[in-house]
Structures are given as structure tokens and as C-alpha cells.
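Enquirer: everything below, folded, please.
(one chain, ligands or ions: 2)
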Amino acid sequence: VGLAIESSGPVVVEDAMSHPRYKYFPETGEERYHTFLAVPVAEGRQKPIGVLVVQTLRRRKVSKEEIRLLRTAASQVAQILSHYQLRETLATKEKERDEYRRRMIEANRQLKGYEKVGGATRVASPLKIRRPRLVGLAAAPGFARGVAHVVGTFLSSIDRNLRARDAKAETRRLEEALTRSLGELAALKIRMEPLMPPAELKIFDGHRQILEDEEFVGRIRQAIDSGYAAESSLFRVIDELSAQMLAVADGYLRERATDFRDVGHRVLRHLRQEDKKSAFAKATILVAEELTLSQMTLVSHENLVGIALQSGGVTSHAAILARAFEIPTVVGVEHLMEAVLEGDALVLDGNSGIVYVNPSAEVEREYQILMKRYDAFRKELLVGLDQPTVTRDGHRVLMLANIALPADVELALRYGAEGIGLLRSEFSFLTYEDFPDENQQLTLYNRILDAAGDRPVTIRTLDIGADKYPPYLRVPREDNPFLGWRSIRISLELASIFKVQLRAILRAAARHDVKIMFPMISSIEELRRARELLAEAQAELFKEGLDHNPNIEVGIMVEVPSAVWLAPRLIEEVDFFSIGTNDLIQYLLAADRNNPRVAHLYESLHPAVLGAIAEVVGVARGAGKQVCICGEMASDPLATLLLLGMGLDQLSLSPLFIPVVRKIIRESNFETARRIANDILQMGSVQEIKGYLIERYRDLGLIHMLEMYR
Ligand code: PEP
Ligand code: MG
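Expert: Ligands and ions are numbered 1, 2, ... in the order given. Model (predicted):
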């Protein structure tokens, strides 16, 4: 329908669901219809004011005559509509004018005698309706309703020149806000203790130190003494300090600037007694440009029900964390920060990637129904999670989880994971103040392994760089960080730091079923160098008489196109492959995984992507080695049948998606999936592939599995 408006011409699609721009709304029940004909409703050459759509149950060709007929009808409709529109506009205009006059008279009456306050007065323009529907990318499933809490605009919205007469009273307000902030930090730390690794909890200490810093607080007091209100004084000091820090091209100081601002927001909230008013007092949806690590602490708030971010992609690390916290999230929402104001009512759909601002009663109603259906659907999926994942014809698939932090293991097991297929070790590293030493790492890994019990765990070595730098690693700015100094490239250069990690993993593997995996391998040399360092680490441990696993299984992520080409050679030197589609897709299709503007080009069902996956699976199978897929594609229910049919018998995915993917596998036949995959691998376009897949889900009675996520 949108396409008809954009192109100002008719849109004819023989099978609507297979069109890349197709968007499914379960409440319309339109899955029964196939052929789709839409013509814009417009008067002459003017902009369309609507679209007339005809759909048929049967798939059929649409004749030119039929298109002409519908266009004629549309032009008649356009005339009638624009006539009514005109009448309505006139009526509203009149009403608005009356209202405006009424307000002006009222305002003037109130201003009488107050002219010295300053001539003109602003009268708010008559009620503007603000009900935008913002489209982004679905990053963590589920629905949420709540009030918007906009992070990031707070400090900047303060008037820095606000003056106050009573400096003593302002200082008192400041002291109270500082005390309350300190109390809140202490309470937060206690609440987060079971959820975060000790190193991560340091963030609270860092913030506490800022609040207790004599120089920092002294400067705010000084500003108050020179006549500014407490809010303005706080803002001035934070603004100055963070500007100084940001002026230095140093990752660590930049991160500190963020900490200062976060602390500033906290104090400000208490100065304004925001908690009593809105933020987090009731169900709240966090709205931000992006989510910083320290804002993660907000994520645990019990009243936080949803997250909407203007930046980022589905595989961005903020999104991965949101999924770990089970908070419905939409990312890459254009115009989010302009469209949403603090306190706006929001409905957030983390399954389709939509945010409704101040939704109408009708939208609210629809979403109530959807939320109920989704809850029922989830309940149904969670039944029997302890049984193995086997197709109807007896083909077994291993369901593993991708995790970031130790607390995620519990989540993974709750959703039926049979092991951890990808531990993104760098996430924990991001929370330390320096590279954690061998013992710190050993403790960290043991914590994860203990939680996983006897289930296998694949630890991926550091994959820092690109969009995740630890604050203590000084890196110059790069123009193309995803093509730059990241991942295994950093590890191989900082060999001594890398070896500390290898030693810790080898030691952790002494008592548990642990595999080691190198990320972003793009050549044989890189793999050999990494293995050399691993062998050195082993030799050292042996010499030192420290317990470790000398026969640890070693694998690589296949996520760079060159590794696909080199797969037959790489497989000879490893025990397993794990396909990282998140990066593989962005490198194969030259589409940044975090850039919403090219999100439509970032397509997992692209024939080139599928060809690469098939190649890698074939190579591993041929060599009798294991192959897994651990990119977000493994979480996409529409891809499940295809991946199953392509012979992937290990999937590693976000825990939240394990139940639905598992259910699809349990209700399918491996042989059928194989045939489907073979057919698809012959196809040349995304559109054809998607259409064909949707058809098959329908034939197999599995279409309802997609409804909630598409
Ligand atoms: C991938 O690239 O597919 C992957 C699993 O790793 P990450 O998302 O951490 O880059
Ligand atoms: Mg990757």
C-alpha cells in the first residue's frame, strides 16, 4: 500500500506475501489472499490521499482492463473524498480560529497590567495532534505499553542561566539530591549483585566516587554561590567537565564523560523529584539515541517495560543485551528523538519493530488483543522444553544459546538451551577497568561453566573493536571500524593479553566441556598464528604444572567472505565451524549491520548468503566435522526450515527464540525441509525465496509460528 503511494502508480503483485515490502498484520486476516492490486487515490497530479486495494483468494493474473477499471474508480473516489476533505478542513479551520481568538482574548486579559514583563506572549497553537507511528527494527520480542522516559535530553534541556535568590536553599536542595542519589546507587548495586559479574558492579562505585568527589561537588556549590539555581549549577559543571573530556581523543576519558553525564541525570532527577512524577514511577519505555553501558543499570528497573533506540541495528550490542534482559526493544527508529517527548504514552511492538506515540484508542485496543495472543502463544511454546528437539522423522537438532554475561546462563536454561554455542567473552571485558588478569578471567569463566552444569560451552576469544571497545583500550578513531582494527586482529597484535585469555580458557576447560573459538578469521595465517599462541599457552601451563585441557577442541567463526572461500583449507586445521551470519551478511552484501538506512539491503535470505552457508556446511560435513550457525539468522523462525534442510544440526541463538525455533523443528520433517532447501538454493532473488518459504510454512500448517515475529 505504501508502495502505491510512493510510486503514485498501480502496484500489481501476484502473491503479495512474497513481495519484499510485504508487511503482515495478523489482525487483518489477509493471509488467505494472494493476488494484490493497489491504485493510489489521487486527484489529477496531486499527492495521493489514499489507496484502493483489491485482493483475491486465488492467485491469478491481473489484466490491463482490470487495472484501468480500478483506476477509474479511484479517481471517482478521489473527487468525493477531496470534496469532503475540503469541507472538513474549512470546518476545522473555523473552529481553530475561534479557539485561537478565545485564547488570545483570555491571554490578553491576563496580561493586562503586566506589560512590563515583556511585550508579546506566546499562545500555544491550537491542539496539534501528535500520534506518529514510527517504524524501526524489531530487536527484542514482545509488546509494551508505558510512558516515555527520554534519556539524553535531560541535561541539555536545562536553562543554564536560571538564577536563584536564596543560595542557601539551593545548596540544601543540592545536598538532598546528592544524598538521595547516593542511596539509590547503593540500593541499585545490591539489587544488581546477583545479576552482574563483580567487575561490572564497579560502575556503581565509579558513579559513587563522582558524587563524593569534593572538587566536583565544590564546583557545583560555587556556581550556586554565584547566584545560579541548583539545576543550572549542576548542568554548568557537568557540561564543562564533559566538554573537557570529550575534547581529548581518548576512549577512557570519553567514557568518563558519559559517566559524568549519567551521574548528572541521576542527581537532576532527584533535584526535580522526577521519580515522584513520571520516570519509572509506572510502566516506562526508555527512549534514547543509543544505550550506554552505564544506562544498562536502568535496564534492570522493574518498571522498565520497553526500549526504543534511534540508532543501532538488530545485531548491535545494545540489542543483544536487551534480548538478554527480555525487554521488548525496537532499534533504528528514525526521528525517534524528535517525535517522542518525556511522558508521552507509547505502545511498542518488539515483534514488528513499531513504536506508536500517543496511540489512538483503536490502536491501543488492537494491541491489547495482540498482547494477549502473544502471551498465549508464548505459554504454548514453553511447554515440554526439557524434551530433545527432534523432527517428526527423527532428525535431532542441538539447540544452543548465545550469551554475553554470566547471568544469561540462567535465562538460556530457562528457555531450554542444551548448551552455550557462543559466549561473547568481550562483553564481560567491557565492564572491567583494565584487561582482567588470568585469575579474574578464570573466576568469570568458572562462574558461567558452573551455571551451565554439564552442558557444553563454546567460549569465543575477544571480539572487541568496531562497536565495542573497552574503555581502557586506547584506539585511534577509524573511518571504517568494521573493516579495521577489530577482533582477532587486535588479539594477535596484543599477543600477551591474548595469551592470558587463552590460558584462562584452557584452565577452565580442565573441569568442563569447553571449546574455544576464534572470531573473524580471514586467512590461514591468522588461524595458524592463533593456534601457535594457544600451543604456547598450553606449554606454559604444562611447565607450571597448572591443571588445563591439553586437547581442547578448537573452532573458528566463519564470518568473513574470504573464510567461505578458504573453508576447504581452514577445516583441515580446526575441529568445527560456527557461521556468524551477522558479520558475514554485512561483509558479503556490503551493508553495515548497524545502519538503519541500509537495513533493507541487509538480508539474510539473500541467495548469495544462502550459497555461502551451503558451501560452508558442505565443506564441514564432507570433512566429518561439526558446523553450527550462531548469527541472529538462527533466531529467525522464517529461516528455520531452510537451515534445517541445509543440514545444520546445531543452532546457537538468542535464548528467547529457542522455544519457537524448536517448535517449528519438532513439527517438521527433515526430508521435507531438505527438499525445500534444495529448491531454494536454485533461486536467484530474495523475493522468490521469501515467497516460496512463506508458501511452504502455510502448506505445512506452520504459518502461525511466523505471525508474531513478522
Ligand atoms: C556474528 O557475527 O554473526 C556473530 C555471531 O558475532 P557478533 O554478533 O558478536 O559479531
Ligand atoms: Mg561477528
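
Enquirer: from ligand 1, how far out is the closest residue to ligand 2 within the chain?
Expert: Across the chain, the shortest distance to ligand 2 (CB to the ion) belongs to residue 583, at 3.7 Å. Where C-beta positions appear, they are placed from N, C-alpha and C, glycine not excepted. Relative to ligand 1, residue 583 is positioned 3 Å away (CB to the nearest ligand atom, to the nearest Å).

Enquirer: am I right that residue 139 is in contact with residue 333?
Expert: No: with contact defined as CB atoms under 8 Å, residue 139 does not reach residue 333; the gap is 10.0 Å.

Enquirer: name the helices or strands packed onto the one helix or strand residue 188 maps to?
Expert: In this assignment (DSSP states H and E), residue 188 forms part of helix 167-192. Where contact means 3 or more CB pairs under 8 Å, 6 or more residues apart in numbering; DSSP states H and E, helix 167-192 is packed against helix 198-212, helix 214-225, helix 230-246, helix 251-271.

Enquirer: on that earlier part again, count of neighbours near the residue of the chain closest to ligand 2?
Expert: 24 (other CB atoms under 10 Å).

Enquirer: ok, residue 139 and residue 333, which is more surrounded?
Expert: Between residue 139 and residue 333, counted using other CB under 10 Å, the more crowded position is residue 139 (28 against 24).

Enquirer: what's the closest non-adjacent residue to the more buried one?
Expert: residue 319 (3.8 Å; CB to CB, 6 or more residues apart in numbering).

Enquirer: what sits against that neighbour?
Expert: Residue 319 makes contact with 139-140, 312-313, 329, 331, according to CB atoms under 8 Å, 6 or more residues apart in numbering.

Enquirer: got it, and residue 184?
Expert: Contact analysis of residue 184 by CB under 8 Å, 6+ apart lists 266, 270.

Enquirer: picking up where we left off before, for the contacts of residue 319, pick the one with the most neighbours.
Expert: residue 329 (32 neighbours).

Enquirer: who's that residue bridged to?
Expert: residue 140, residue 307 (DSSP bridges).

Enquirer: and the gap between it and residue 417?
Expert: 21 Å (CB to CB, to the nearest Å).

Enquirer: residue 9 too?
Expert: Residue 9 is 49 Å from residue 417, by CB to CB.

Enquirer: so for those two, which sits in the more crowded spot?
Expert: The residue with more neighbours, out of residue 9 and residue 417, is residue 417; 25 against 15, by other CB under 10 Å.

Enquirer: residues touching the closest residue to that one other than its chain neighbours, list them.
Expert: What sits nearest to residue 417 in space, not counting adjacent residues and going by CB to CB, 6+ apart, is residue 401, at 3.7 Å. Neighbour list for residue 401: 408, 411-412, 415, 417, 419-422, 652-655, 658 [criterion: CB under 8 Å, 6+ apart].

Enquirer: and residue 290, by the same measure?
Expert: 309-312, 318.

Enquirer: now residue 561
Expert: Going by CB under 8 Å, 6+ apart, the list of residues near residue 561 reads 584, 587-588, 612.

Enquirer: let's see it at 6 Å
Expert: 587-588 (CB atoms under 6 Å, 6 or more residues apart in numbering).

Enquirer: what's the local residue count around residue 343?
Expert: Applying other CB under 10 Å, we find 13 other residues in the vicinity of residue 343.

Enquirer: hmm, I typed the wrong one, I wanted residue 52.
Expert: When neighbours are counted by other CB under 10 Å, residue 52 comes out with 20.

Enquirer: equivalent analysis for residue 631, please.
Expert: 26.

Enquirer: again with residue 215
Expert: When neighbours are defined as other CB under 10 Å, residue 215 has 8 of them.

Enquirer: got it, and the one 4 residues further on?
Expert: Residue 219 is flanked by 18 other residues according to other CB under 10 Å.

Enquirer: I'd say it and residue 237 touch.
Expert: Yes: contact criterion CB atoms under 6 Å: residue 219 and residue 237 qualify, at 4.6 Å.

Enquirer: tell me the SS of the residue nearest the centre of the chain?
Expert: Note on the chain: the residue nearest the mean C-alpha position is residue 319, at 2.4 Å, using CA atoms, centre = their mean. Following DSSP: H, G, I helix; E, B strand; the rest coil, residue 319 is assigned to helix.

Enquirer: which pLDDT does the model give it?
Expert: Looking at residue 319, its pLDDT reads 72.

Enquirer: so which helix or strand takes in residue 401?
Expert: Per DSSP H and E: strand 396-403 holds residue 401.

Enquirer: in that strand, which residues are buried?
Expert: 397-403 (16 or more other CB atoms under 10 Å).

Enquirer: same check on stretch 575-595?
Expert: 575-589, 591-594.

Enquirer: just how off-centre is it within its chain?
Expert: 16 Å (CA atoms, centre = their mean, to the nearest Å).

Enquirer: which parts of this structure sit against ligand 2?
Expert: For the chain, the residues in contact with ligand 2 (CB under 5 Å from the ion) are 559, 580, 583.

Enquirer: residues from the protein in reach of ligand 1?
Expert: For the chain, the contact set with ligand 1 under CB under 6 Å from any ligand atom comprises 315, 422, 424, 463, 559, 580-583, 630-631.

Enquirer: which of the residues you listed fall in strands?
Expert: Those of the residues of the chain next to ligand 1 mapping onto strands are 422, 424, per DSSP state E.

Enquirer: ok, of the residues of the chain next to ligand 1, which one's closest to residue 477?
Expert: If you rank those by distance to residue 477 using CB to CB, residue 463 comes first, at 19.7 Å.

Enquirer: my read is that that closest one contacts residue 428, right?
Expert: No: in this structure residue 463 lies outside contact range of residue 428 using CB under 6 Å: 12.0 Å.

Enquirer: burial count for residue 361?
Expert: Residues near residue 361, counting by other CB under 10 Å, number 7.

Enquirer: cool, residue 657 as well?
Expert: Neighbourhood size, residue 657 [other CB under 10 Å]: 24.

Enquirer: any idea how far it lies from ligand 1?
Expert: Counting by CB to the nearest ligand atom - residue 657 and ligand 1 are separated by 14 Å.

Enquirer: sketch out the low-pLDDT regions of the stretch 301-450 of the chain for me.
Expert: Applying pLDDT under 70 to the stretch 301-450 of the chain picks out residues 301, 313-318, 320-321, 431.

Enquirer: ok, the stretch 1-150 of the chain next?
Expert: 26-27, 29, 90, 93-94, 96-130.
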